[in-house]
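Colleague: predicted model, plus sequence, below.
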Amino acid sequence: MDQAGIIKRTKAFVKETLKDAEGGHDWFHIERVYKNALLIAKEEQADNFIVSLGALLHDIADYKFHNGDETIGPKVASDFLETQQVPREIIDHVIKIIENISFKGVIEN
């Protein structure tokens with residue numbers, strides 16, 4: 001599996017998909033999340049490939065812009081990763097990241 005190629009194509013896919021997104025969900029937001037995620041991954045000794053895909057695809061179809069449908073983002077990400085022939089276990093891990101990355105539902109003390 002060509003991980004570097006998949007990351008490169010994922011970046012291109014995200015840039016194209018979010019080219020008309022509003023400022024809080026545009027490529028520059030994704031890029032900041034991606035870079036910060038890689039810094040954290042290094043400290044935590046996490047799998048950079050999975051972290052990269054999760055960060056890059058986390059807002060690919062944000063539920064706030066799809067009438068609250070939380071299934072669209074994971075579906076779009078899964079479909080894209082399948083076209084890249086990413087193994088199912090990695091896709092499932094990335095989908096869990098996407099499903100759980102939001103601040104929605106956080107309880108403040």
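Modeller: Here it is on my side, so go on.

Colleague: what's the longest helix along the chain packed up against?
Modeller: Taking DSSP state H as the criterion, the chain has its longest helix at helix 27-44. Here helix 27-44 touches helix 3-17, helix 48-57, going by 3 or more Cβ pairs under 8 Å, 6 or more residues apart in numbering; DSSP states H and E. The C-beta positions use only the backbone N, C-alpha and C, and glycine is treated the same way.

Colleague: give the other helices and strands that the first one contacts.
Modeller: Taking 3+ Cβ pairs under 8 Å, 6+ apart as contact, the helices and strands that helix 3-17 lies on are helix 27-44, helix 48-57, helix 72-83.

Colleague: only the buried residues of the last one, if you could.
Modeller: Of all the residues in helix 72-83, those buried under the rule 16 or more other Cβ atoms under 10 Å are 72-74, 76-78, 80-81.

Colleague: quick one: the nearest residue to F13 once chain neighbours are set aside from W27, how far?
Modeller: Excluding the flanking residues, the one nearest F13 by Cβ to Cβ, 6 or more residues apart in numbering is F80, at 5.8 Å. According to Cβ to Cβ, to the nearest Å, F80 stands 16 Å off from W27.
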